[in-house]
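Asker: Have a look; sequence and predicted model below, questions after that.
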Amino acid sequence: MPELIDELTVLIGYKNEFKYSRLKTITHYFFEDGTKIVAPDSAEQFAKELKLKLNEDEDAVIKHLAKSKFYHATIADLFLNQSLGKIKNFLNLKTIKALLQSHKLNLFSTMHKENSKFFNNEKTTQIFNRYATYNGSNPYKAPALLNIIPHLEFGLGAYIPEKGMHQITEHLYNMALHCGVTFNFNAQVEKIEIENKSVTGIISNGVLHKSNLVVSDADIHLVYKKLLPQNYYPKKLLSQEKSSSAYVFYWGINKEFPELDLHNILFSENYKAEFDSLFQEKSPCSDPTVYINITSKFCKADAPSGCENWFVMVNVPHNKSGNKIDYATELRKNVVAKINRVLNTDIEKYIKVEEVLDPLGIEQQTSSFGGSLYGNASNNKFSAFLRHANYNSKIGGLYFVGGSVHPGGGIPLCLLSAKIVSALIKDKK
């Protein structure tokens with residue numbers, strides 16, 4: 001991600017540098033039996049940690065991360081860095097090399113199946129299964145190719161912006177201003193105008209803004225359902241299984257927890273049961289995996305002295321019905337109980353400020369259908385090819401970026417989607 005922003009900063013001649021640091025420790029993992037795993041940014045050191053704490057085979061960890069790197073080297077340029085809809089993009093030597101290596105890509109296996117083959121300890125498998133949640137999917141159904149994700153952390157690195165994640169937004173915004181972009185805030189788009197199968201502009205607050213080019217970063221479900229004529233509605237694509245959503249607690253904690261770091265995972269005891277609950281039963285798990293992010297560990301101004309700012313998140317089903325969330329009280333009780341057990345604390349005593357964000361709130365704030373964080377889920381082997389392309393083949397001049405289209409969700413992939421669209425528009429001109 002930092003490389004993409006740096007590349008853009010240099011490209012447009014923007015003077016202000018995007019400042020960030022590479023994390024020496026990626027994640028702290030906690031298990032119910034008291035096991036704690038600290039994941040450093042070195043594959044070798046991580047293998048030693050797993051050997052020490054879980055008696056895991058060091059060579060197995062190194063080989064697994066090497067395979068993750070192989071996945072990235074084989075498919076990244078083909079499937080992450082360019083549009084999937086352009087046949088000419090695949091008429092090259094890279095495609096031939098990838099096809100020759102396809103038997104090594106485990107195309108018909110799942111993340112969990114491959115991970116469980118590599119490792120002796122179920123906790124190690126659980127750690128690597130977790131990467132499916134990076135795009136809101138189920139590791140017991142998601143394709144093994146998603147095992148590309150660990151390389152992005154251990155190979156390319158995990159980073160934190162100097163002033164926290166909001167610095168990314170500010171930097172991109174200021175770069176846009178530098179390029180002469182005009183922003184119209186609080187101006188809801190009501191319709192994308194189409195004539196002769198090409199865009200002619202958008203209507204916002206009742207006013208037509210003419211343009212032969214429209215780029216949307218909104219969830220494609222919203223775009224097709226509310227902004228375009230219904231004859232363009234892609235029923236099959238939009239009916240696919242959606243990714244998980246999230247329930248977030250924003251807590252001001254009147255205490256410092258030295259055992260915690262920037263990224264912390266408190267694992268459920270039965271990981272498969274958790275995903276069965278999310279994707280089959282469509283309800284939060286009674287023993288959820290809890291993610292705690294504490295930016296004040298690095299950005300000291302984010303919390304008063306002696307305090308911490310906790311972003312506490314659990315995976316929940318997307319809210320397809322659009323109704324008010326009815327499990328809030330029970331979920332909060334389960335999250336608090338989980339934290340108390342694993343950290344041996346009474347967290348309620350230290351919560352001085354609390355705000356929450358549920359799937360309904362996520363949908364209202366971001367227009368993501370049902371609060372789904374990543375659009376369609378990646379719970380089948382063809383998922384990489386089933387995401388919506390970065391353009392509409394039936395409407396000239398209409399392009400898509402963001403987490404609900406190719407190549408996927410999360411900040412790095414959203415930035416890649418913008419880079420892909422920039423290239424498509426440039427090629428058209």
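Answerer: Perfect, I can see it now.
Asker: And the residue lying closest to Pro284 once chain neighbours are set aside, what's its pLDDT?
Answerer: Counting by Cβ to Cβ, 6 or more residues apart in numbering, Val316 is the residue found nearest to Pro284 once chain neighbours are left out, at 4.7 Å. Every residue, glycine included, has its C-beta placed from N, CA and C. If you check Val316, the pLDDT there is 97.
Asker: Give me the contacts around stretch 142-155.
Answerer: Under the contact criterion Cβ atoms under 8 Å, 6 or more residues apart in numbering, stretch 142-155 has outside partners 26, 41-43, 46, 64-65, 67-69, 71-72, 75-76, 105-107, 109-111, 113-115, 128, 131-132, 134-135, 137, 139, 377-381, 383-384, 412.
Asker: Can you go through the residues you listed and name the buried ones?
Answerer: Among the contacts of stretch 142-155, those buried by neighbour count (16 or more other Cβ atoms under 10 Å) are 26, 41, 43, 46, 64-65, 67-69, 71-72, 75-76, 105-106, 109-111, 114-115, 128, 131-132, 134-135, 137, 139, 377-381, 383-384, 412.
Asker: Where do the strands of this protein begin and end?
Answerer: 20-22, 25-30, 36-40, 159-161, 189-195, 198-204, 207-210, 214-216, 245-253, 263-266, 290-293, 308-316, 351-357, 398-400 (DSSP state E).
Asker: by contact count, what packs against the last one?
Answerer: In this structure, strand 398-400 makes packing contacts with strand 214-216, helix 411-428, judged by 3 or more Cβ pairs under 8 Å, 6 or more residues apart in numbering; DSSP states H and E.
Asker: Pick the most buried one from these.
Answerer: Burial of these is given as mean neighbour count (mean count of other Cβ atoms under 10 Å); strand 214-216 ranks first at a mean of 21.
Asker: tell me which strands and helices that one is in contact with?
Answerer: Against strand 214-216 (3+ Cβ pairs under 8 Å, 6+ apart) you get strand 198-204, strand 398-400.
Asker: now the angle from the first one to strand 189-195?
Answerer: Strand 198-204 and strand 189-195 are oriented at 160 degrees to each other (axes from the mean of the first three to the mean of the last three Cα atoms, to 10 degrees).
Asker: What mean pLDDT does strand 198-204 get?
Answerer: Strand 198-204 comes out at a mean pLDDT of 97.
Asker: Show the contacting residues for Pro359.
Answerer: Ser245, Ala246, Tyr247, Val316, Pro317, His318, Asn319, Ile325, Gly370, Gly371.
Asker: Mind picking out the helix or strand in this structure with the poorest mean pLDDT?
Answerer: helix 93-100 (a mean of 63; mean pLDDT, DSSP states H and E).
Asker: In contact with the residue nearest to Ile168 when sequence neighbours are not counted, which residues?
Answerer: In space, and not counting its chain neighbours, Ile168 is closest to Pro161: 5.9 Å by Cβ to Cβ, 6+ apart. By Cβ under 8 Å, 6+ apart, Pro161 lies in contact with Phe18, Lys19, Tyr20, Gln167, Ile168, His171.
Asker: number of nearby residues for Glu7?
Answerer: 12 (other Cβ atoms under 10 Å).
Asker: where does it land on pLDDT?
Answerer: 82.
Asker: cool, Glu348 as well?
Answerer: At Glu348, pLDDT is 97.
Asker: what's around Met313, how many residues?
Answerer: Considering only other Cβ under 10 Å, Met313 is surrounded by 20 other residues.
Asker: That one touches Pro288, doesn't it?
Answerer: No: counting by Cβ atoms under 8 Å, Met313 stays clear of Pro288, with 9.7 Å between them.
Asker: just to revisit the earlier point, inside helices: which ones of the buried ones among the contacts of stretch 142-155?
Answerer: Taking DSSP state H as the definition of helices, the buried ones among the contacts of stretch 142-155 contribute 43, 46, 64-65, 67-69, 71-72, 75, 111, 114-115, 128, 383-384, 412.
Asker: Tell me the spacing between the residue sitting furthest away from the middle of the chain and Ile395.
Answerer: The outermost residue of the chain relative to its centre, with distances by Cα atoms, centre = their mean, is Asn196 at 36.4 Å. Separation of Asn196 from Ile395 (Cβ to Cβ, to the nearest Å): 10 Å.
Asker: Mean pLDDT lowest where, among the helices and strands packed on strand 398-400?
Answerer: Across these, helix 411-428 gives the lowest mean pLDDT, at a mean of 89.
Asker: quick one: contacts of it?
Answerer: 1, 4-5, 80-83, 86, 152, 165, 168, 213, 215, 217, 390-391, 399-403, 405-407.
Asker: if we can go back for a sec, what's the distance between the residue farthest from the centre of the chain and Met313?
Answerer: Taking Cβ to Cβ, one finds Asn196 at 46 Å from Met313.
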